[in-house]
Every structure is written in C-alpha cells, then in structure tokens.
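Q: one predicted model, sequence on top.
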Amino acid sequence: MISIRFLLLKLLFDHLNLNHSLLTHKRIHMSEHSIFETEDKIVTNAEGILERENDSTNPLFDPFSGLLKSYKKIFRQLKRLIKLSDKQQLKLNQLNESLEVENYELVLELGQAFESFVRALTTTVDAKHPITAGHSHRVTEYSLFLGKQLGLSDNNLEVLKYAALLHDIGKIGVPDAVLTKKGRFTDEERLIMNEHSAWTYKILSAMRLPNMLKNVPKMAACHHEKLNGTGYPYRLRGNRIPKFSKILAVGDVFDALTSLRDYPKYDGKQTMGMEAMPIEKALSILDKDKGTHFDPDIVNMALKKADSLAEYWQKFHKR
Ligand SMILES: [Fe+2]
C-alpha cells in the first residue's frame, strides 16, 4: 500500500512539475502532441491504479478506498488543469507573436524617423547653398548604385547610405562668404572650404549614432581623400582610406561634374565652365584619375555601368 501511495504521489509530483514548466517557460521545446501524450499516459496510469485499488477481489484491496477516490478526483482536477494550462500556453504564444510584430513595427518606425531626421539635416546644407541643392541625395543614389554593383550586402548599403547622406554636413561650418562665393576660390578660401570634411567628422562624432553606423563619421569625412595621399583632411593613402569613402569620392565628383556649380570646373589641366558637364566627359575625368585619386575598381564599375548612371542623371536633372 505504501508503495502504491508513493507511486501515486510521484506521478502527482511529476505531473505538477510538467505543468510548472509549461507555465514558466515562454518557449516549449516539447511538441504539443507529445505533451498531450504524456498527460494522457499519467492520467491513464493513475486511473488504472485507482481502479485496481477499488476492486475488492484484488488481494491488494485497500480498505481506505475513500482515500483512493479522492486521489481519483485529484487526477481529474489535474486533467482539467492541464487543459487550462494548454489554453494559457496558447494565449502566451499568441501574445509573444503579437509582441514580436509590435517590436518589429517599432524598430521600423524608429528607423524611418532616424532616416527622416538625417535627410532633414542634409536639407539644411541645401538651404545654405541652394545651387548645390540635392547634391547629397544624388551622391547617395549614385553611391548606393555603385555599392550594389560592387556586391555590398544590404547592411553595408545601409551604412553607405548614411555616410553618403551626411558626407557634406560639415558645410554648415563653412562661412557663407566662402561657401556661396561666385567664381574661383583664392588659396586661402580653398583651405577654408576644404575644412568642411573635418567639420563633417566633428559634427557626426558628436551624434549618438546606432552601433551599426559607428564608422559613418570617418567614412563621411574621408570623401575627399585621394589614393596617392594628396587629399584631405587627413592625407590618407591607399588602403588607409575607408572603402566606402572611395565609393563616395566617385559619386561625389561624378555629381559635382555633371551638375551646375557657382565655380568653374577644373579637369587638372584647364578650367572649364560652370555648367553641367556631359556624362561621357565626367567619366573620362574619373578614368584619367583612377589609381591616383580614385579606386580603379570603383571607376571601372562606373564606366561599365555608364548607361545606368546616365539614366539616374536623367531622372535627377530632367523634369
Ligand atoms: Fe565635400
């Protein structure tokens, strides 16, 4: 009799433990089917034992059958509890799913809010220097196109997007008299203008950027560095220039050459007009300066995809 009681109590505790794990774990590693199977087995075993205990022809008949009946009731109650806990688990799963959807929407919303904030920042540069309005947006589109062709992952393209959108944010730090000057800069004015990329670094470094964008300040600030080390602000050379900055450099110069400017363009030998340059001419300048200023792989990709760049240009400049 003691051993049967012991067995019943063990089954009872096992069962309670099972329910405990059901209620305390958000994720069940046991399939729903196997849970039901286990529950049925426990109850069937318990009921079988109780039936035998109530059989007076059984030599192990227990005169305290009232006690056994109460065990039976307990197991029935347990069975109902199991069903109840299954319902709770189902509700918990549904709640988890809806929370996951809510979290996803929240992250999406925060991402969109952040991007709109960054784009609004670029608009402040446009407002300060209207003739170059849209430059950051166009550089972003050209850079993303080239980055995609060069095989960058979606995450890296996202990083490149913010580096491109913000590359000229430092122009905020350049005095209007220099930034909006009509005509060529003096040497002193050129130096002041060149400080805009160091300003970009200073402004972006002060922002609390998401971890994924932690290298954006340097990437954005290095868009005027040249492979041969004659660029600015840090005079970096070759591989010391971040790869994304090299993509920005191509997008940046391509847009500057193919857009109207308030200073004459210069191809290294002669000064040309302020008007937008034909795409073929701009690409030939990039081609000439690859290996000294620009990364050859990126320029070669731009040359290979000249038709697509021309389509982008049409979209941006023709209404
Ligand atoms: Fe710039």
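A: Received it, and whenever you're ready, just let me know what you need.
Q: how about the helices of the chain, start to end?
A: For the chain, helices defined by DSSP state H occupy the ranges 2-24, 32-54, 65-128, 135-149, 154-165, 176-179, 187-194, 196-205, 216-221, 243-257, 279-288, 296-304, 306-317.
Q: same for the last one, what does it pack against?
A: Read that as helix 306-317. helix 135-149, helix 279-288 (3 or more CB pairs under 8 Å, 6 or more residues apart in numbering; DSSP states H and E). Using the backbone N, CA and C atoms, a C-beta is placed for each residue, glycine as well.
Q: ok, the shortest one next?
A: In terms of contact count using 3+ CB pairs under 8 Å, 6+ apart, helix 176-179 is assigned the packing partners helix 187-194.
Q: residues in contact with the helix it packs on?
A: V174, P175, V178, L179, K181, F185, H224, Y232, P233 (CB atoms under 8 Å, 6 or more residues apart in numbering).
Q: from the residues you listed, pick the one nearest L108.
A: Each of the contacts of helix 187-194 was checked against L108 using CB to CB; the closest is H224, at 34.3 Å.
Q: just checking, that closest one touches R235?
A: No - counting by CB atoms under 8 Å, H224 does not reach R235; the two are 10.3 Å apart.
Q: between those two, who's got more neighbours?
A: Between H224 and R235, counting by other CB atoms under 10 Å, H224 is the more crowded of the two (20 against 12).
Q: over to that one: give its phi and psi.
A: H224 adopts backbone torsions of phi -110, psi 10, taken as degrees, to the nearest 10.
Q: could you report the pLDDT at it?
A: Per-residue confidence at H224 stands at 97 (pLDDT).
Q: show me what contacts it?
A: Contacts for H224 (CB under 8 Å, 6+ apart) come out as N194, S197, G231, Y232, P233, A249, D252.
Q: so the second one touches M219, yeah?
A: No - with contacts counted by CB under 8 Å, S197 stays clear of M219, the gap being 11.2 Å.
Q: can you list the weak-confidence ranges in the stretch 151-300 of the chain?
A: When the per-residue scores of the stretch 151-300 of the chain are filtered using pLDDT under 70, the ranges that remain are 262-273.
Q: what about A302, how many neighbours?
A: Counted with other CB under 10 Å, the burial measure for A302 works out to 25 neighbours.
Q: got a pLDDT number for it?
A: pLDDT recorded at A302 is 97.
Q: wait, it touches L146, no?
A: Yes - checked against CB under 8 Å, the pair A302 and L146 is within contact range at 6.2 Å.
Q: list residues touching both of these two?
A: Common contacts of A302 and L146 (CB under 8 Å, 6+ apart): V250.
Q: pLDDT wise, what is H135 at?
A: The per-residue pLDDT reported for H135 equals 93.
Q: now swap in the one 5 residues further on and tell me
A: With respect to pLDDT, T140 has a value of 97.
Q: burial of it, as a residue count?
A: Taking other CB under 10 Å as the criterion, the count of residues near T140 is 23.
Q: which one in this structure is furthest away from the centre?
A: Taking CA atoms, centre = their mean, the residue of the chain most remote from its mean C-alpha position is T57, at 73.3 Å.
Q: quick one: the closest residue to K281 other than its chain neighbours and H317, what's the gap?
A: For K281, the nearest residue in space outside its immediate sequence neighbours is L257; the separation is 7.5 Å by CB to CB, 6 or more residues apart in numbering. Taken as CB to CB, to the nearest Å, the spacing of L257 relative to H317 amounts to 12 Å.
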